[in-house]
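A.B. asks: quick one: sequence plus predicted model below, questions after.
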Amino acid sequence: MKHIAVIGVGYVGLTTAACLAELGHHVTGVDMDEGKIVLLRRGDIPFSEPELPELVEQNVRAGRLNFTTSYQEAMQRADMAFICVGTPPTPSGHADMSQVEEAARQVALSATRSLIVVLKSTTPPGGNAERVADILARHLSPGINAPLVVNPEFLREGSAVYDTFHPDRAVIGAWDSAAAEAVAALYAPLRCPVLLTDPASAQLTKYASNAFLATKISFINEISRIAERVGANIHAIAQGMGFDERIGAEFLESGLGYGGSCFPKDVLALSAIAEQQGYYSQFLHAVTDINAGQRGLAVAKLGEVLGDLHGKAIGVLGLAFKSHTDDVRESPALSVISMLCQQGAVVRAYDPVATSTAQKVLPPHAALEYCADAYAAVRGCHAVLIATNWPEFRSLDWSRVHSSMAGNAVMDGRGLLSPDAMRGMGFEYLAFAN
Ligand code: UDX
């Protein structure tokens, strides 16, 4: 059992803290956001994530999980400090390291004994791990050591707890092999492959993994553009490709493309890392461009069917960047809504959990209304656009939807529905290559 401080209790930090506590460690989560700490102490989670509220509540009650705004308090007995703060993109696409660097400084200033510092935040290789190690060394009291271990996080939103307890691998990059082994030992109960490597390789593994998954999505979207032109079906193609184990069946769902807090930012950051070293990655830029283009294509398809979008009512189903989360960061749904409003359409939007997060981000617009359920959103609409892969959209009573609409167009931006069944009900069914 270790005493562990977790710095930053956002998605990654809070999940890490709760899961480490569940494994029997004594964990203290630190965050500068006092409001968040008050919520967490009460057992409230500031975002929507399956299984996490119960896990936090259980471990707080068992006395293994605490929250504080004080580094001193969290660091008192810490054997390890996990840095889990954000690295948002700067306007040039680089990862902003300021929160990580400040966390490292605070950890070093409040450390009263030697400990291992684990960097979970996604940080670019090329000097950042070295800089964090240097900040630690400069601010530690004499006689105290704090070796740095880079241990990137691969969890997905919406299945964060499951992913943390069932990781595909742990990647551990360190200069100090004893520190690396100590972090590896934390993963022993999870029985996953552990890769011990150097910090730069660990950092780049994270970017390469996310960029590869984003590439699979942009690749299948590129193929869907070709498939559409030759009258082929993209779902059949993805299935046929996916049977090849070298390709794999996952991340071949074509549609509105990827969003979220990781893929868009990490592909841009990887391009920026390359450019900083004098290499322009045409490949990564293409991945980003294809992804951005899907949103405009969906709107253009609606425009083709409805003629002018001006004054047309469009029901948008889904606001979150994917199902099972209220996260709307970089959500394709929001870009599509902005485009529709810009073209004069009236938008009636619905999401099972992400309405309030969307309202905080999307500027209010006279032509944008949020609805309490899917049926209310589609009522009287000329067209419906499915923007998020929520399973409940698949199981709607689509004949009820059909009879309540003013038009009959459905743009299935997530490939959720059966084209034949929809056409059979009298819909003008639109999708990417279907
Ligand atoms: C991702 C990585 O999967 C995870 O390993 C990393 O730690 C963080 O980034 P996340 O952003 O939570 O996780 O979501 P993910 O499930 O990977 O989906 C990302 C986006 O890709 C979503 O917008 C999703 O709708 C889209 N997507 C996914 C597709 O468009 N097609 C697919 O086939 C799969």
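C.D. replies: Done, it's in. Residues are numbered from 1 along each chain as shown.
A.B. asks: okay, CA-based contacts and neighbour counts for the rest of this
C.D. replies: Fine.
A.B. asks: which parts of the stretch 1-150 of the chain are strands?
C.D. replies: Shown for the stretch 1-150 of the chain, the strands assigned by DSSP state E, counting those that start in this stretch span residues 3-7, 26-30, 65-68, 80-83, 116-119, 148-150.
A.B. asks: my read: residue 215 touches residue 287, true?
C.D. replies: Yes - assessed by CA atoms under 8 Å, residue 215 is found in contact with residue 287 at 5.8 Å.
A.B. asks: let me have the strands of the stretch 1-150 of the chain in a markdown table, extended by mean pLDDT and distance to residue 244.
C.D. replies: Output for the strands of the stretch 1-150 of the chain, formatted as a markdown table (pLDDT from 0 to 100; distance: least, CA to CA, whole Å):
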| stretch | mean pLDDT | distance to residue 244 |
| --- | --- | --- |
| strand 3-7 | 98 | 41 |
| strand 26-30 | 98 | 43 |
| strand 65-68 | 97 | 44 |
| strand 80-83 | 98 | 38 |
| strand 116-119 | 98 | 36 |
| strand 148-150 | 98 | 33 |
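A.B. asks: redo the ones you listed as a markdown table? Include mean neighbour count.
C.D. replies: Output for the strands of the stretch 1-150 of the chain, formatted as a markdown table (neighbours: other CA atoms under 10 Å):
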| stretch | mean neighbour count |
| --- | --- |
| strand 3-7 | 28 |
| strand 26-30 | 27 |
| strand 65-68 | 24 |
| strand 80-83 | 26 |
| strand 116-119 | 26 |
| strand 148-150 | 28 |
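A.B. asks: include distance to the ligand when you put the ones you listed into TSV, please.
C.D. replies: Below are the strands of the stretch 1-150 of the chain laid out as TSV (distance: least, CA to the nearest ligand atom, whole Å):
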stretch	distance to the ligand
strand 3-7	18
strand 26-30	20
strand 65-68	23
strand 80-83	15
strand 116-119	14
strand 148-150	15
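A.B. asks: can I get those strands in a markdown table including distance to residue 100?
C.D. replies: Below are the strands of the stretch 1-150 of the chain laid out as a markdown table (distance: least, CA to CA, whole Å):
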| stretch | distance to residue 100 |
| --- | --- |
| strand 3-7 | 9 |
| strand 26-30 | 13 |
| strand 65-68 | 18 |
| strand 80-83 | 7 |
| strand 116-119 | 8 |
| strand 148-150 | 12 |
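A.B. asks: which stretch among these comes nearest residue 94?
C.D. replies: Among the strands of the stretch 1-150 of the chain, the nearest to residue 94 by CA to CA is strand 116-119 (17.8 Å).
A.B. asks: helices and strands around the closest one, which ones?
C.D. replies: Here strand 116-119 touches strand 80-83, strand 148-150, going by 3 or more CA pairs under 8 Å, 6 or more residues apart in numbering; DSSP states H and E.
A.B. asks: what strands line up against it, and which way round?
C.D. replies: strand 80-83 (parallel), strand 148-150 (parallel) (DSSP bridges).
A.B. asks: want to throw the ones you listed into a markdown table with distance to residue 16?
C.D. replies: A markdown table is the format used below for the strands paired with strand 116-119 (distance: least, CA to CA, whole Å):
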| stretch | distance to residue 16 |
| --- | --- |
| strand 80-83 | 9 |
| strand 148-150 | 15 |
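A.B. asks: residue 219 and the ligand, how far apart?
C.D. replies: For residue 219, the distance to the ligand (CA to the nearest ligand atom, to the nearest Å) stands at 10 Å.
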